[in-house]
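Chemist: return atomic coordinates for the entry below.
(one chain, ligands or ions: 1)
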Amino acid sequence: MKLSVNIDHIATIRQARMTNEPDPVYAALMAEMGGADGITVHLRQDRRHIQERDVEILRRVIKSRLNMEMAASMEMVKIALKYKPDMCTLVPEAKDEITTSGGLDVIMFSEKIQEVAGNLLAAGISVSLFIDPGIDNIKTCHRLGIRFVELNTGEYAKHSNSSFAALELEKIKKSATYARKLNFTLLAGHGLTYQNIKPIAAITEIEELNIGHSIIANAAFVGLKEAVARMKELLR
Ligand code: PXP
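Modeler: Next comes the predicted model:
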C-alpha cells in the first residue's frame, strides 16, 4: 500500500514564528528518502500553514506525486492551474475548524464539485474527493465522473478500540469493495496513527493512505525519514 505524507504541520511550526524554518520543502525531501510515495499539502484559504510559495517549490523539486488538498472554489482552481499538482483532493473547509472535520457533502455540492473538477481535469490534473464512507456518496462520485476517492477514516480513528470503531471499519470496508467494483482508485486517510493503522492497512482495495499528524509528531523524536520508514513498514 502506498503512503502519501502530509507535511502541513511542518509549516504549522514555521508559521508559529512567521519565520523560514522548518521548511516543508526540506521535509518533503526527507519524507521521500524515508519511502514516501507522494507528498500532500493542504493549501487552506486562511493560509494557516502551507503557503503558495511551498506549493510552487514542491512542484519543482519533489520526485514523487504532489497532491494538493483544497476547498472546492474557483479561487483555488486558479492556483491549482498555476502550479499543476499531480492531483487535487477536494475537501470541505470551515474557518474555525482545527482540522478537516468530515467528508465533502457530494450530494449537496455536486454542481460546484462538477464545475471545479471539470476545470482541473481539463488541465490534466487528477481529481480526488474526500468523502465519508457510504454507498450513496460513492454512487454520487461515480455519477460526477470522478475516478479517485479518499475515504475519511476520521471517525474510525476517533473511536479507536471501541465497538463504534468496529462499525466504522465495516463501513469503510463495504465502501472500499463497492468503490473498487466501480473502478475507483481508492485512497483513505485522516487521524491514522502507528497504533490504529493495521486494520486499515489490511483493506486490500485501498491503494494509498494519506497520513500527516502522527508521522510529523513522531518525527520530532526519531526524525522525519525514520518516522516515514516506520509507517511504511506497517503498510507492508
Ligand atoms: N486526508 C485529508 C483529506 C485531510 O484533510 C487530512 C488532514 O489534513 C489528512 C488526510 C491527514 O490527516 P492526519 O493529519 O490526521 O493524518
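Chemist: contacts, neighbours, all on C-alpha from now
Modeler: Noted.
Chemist: which parts of this protein sit against the ligand?
Modeler: Those residues of the chain that sit near the ligand, judged by Cα under 6 Å from any ligand atom, are 91, 100, 130, 189, 190, 191, 192, 210, 211, 212, 213, 214.
Chemist: export those as a markdown table, with columns for secondary structure and distance to residue 44.
Modeler: Shown next, in a markdown table, are the residues of the chain next to the ligand (DSSP: H, G, I helix; E, B strand; the rest coil; distance: Cα to Cα, whole Å):
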| residue | secondary structure | distance to residue 44 |
| --- | --- | --- |
| 91 | coil | 10 |
| 100 | coil | 10 |
| 130 | strand | 15 |
| 189 | strand | 18 |
| 190 | coil | 16 |
| 191 | coil | 18 |
| 192 | coil | 21 |
| 210 | strand | 17 |
| 211 | strand | 17 |
| 212 | coil | 15 |
| 213 | helix | 16 |
| 214 | helix | 20 |
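Chemist: can you list those residues in TSV and add neighbour count and pLDDT?
Modeler: Conversion of those to TSV gives the following (neighbours: other Cα atoms under 10 Å; pLDDT from 0 to 100):
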residue	neighbour count	pLDDT
91	23	97
100	16	78
130	25	98
189	21	98
190	25	97
191	19	97
192	24	98
210	22	98
211	23	98
212	24	98
213	18	98
214	18	98
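Chemist: closest to residue 8 among those residues?
Modeler: residue 212 (7.3 Å; Cα to Cα).
Chemist: for whichever helix in the chain runs longest, which residues meet the burial criterion?
Modeler: As assigned by DSSP state H, the longest helix anywhere in the chain is helix 163-181. Neighbour-count burial for helix 163-181 flags 165, 168, 169, 171, 172, 173, 175, 176, 177, 178, 179 (criterion: 16 or more other Cα atoms under 10 Å).
Chemist: could you dump the residues you listed to a markdown table with pLDDT?
Modeler: Shown next, in a markdown table, are the buried residues of helix 163-181 (pLDDT from 0 to 100):
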| residue | pLDDT |
| --- | --- |
| 165 | 92 |
| 168 | 95 |
| 169 | 96 |
| 171 | 97 |
| 172 | 98 |
| 173 | 98 |
| 175 | 98 |
| 176 | 98 |
| 177 | 98 |
| 178 | 98 |
| 179 | 97 |
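Chemist: and the contacts of the longest helix of the chain?
Modeler: Contact with helix 163-181 is made by 133-135, 138, 151, 153, 155-159, 185-186, 199-200, 203, 205-206, as judged by Cα atoms under 8 Å, 6 or more residues apart in numbering.
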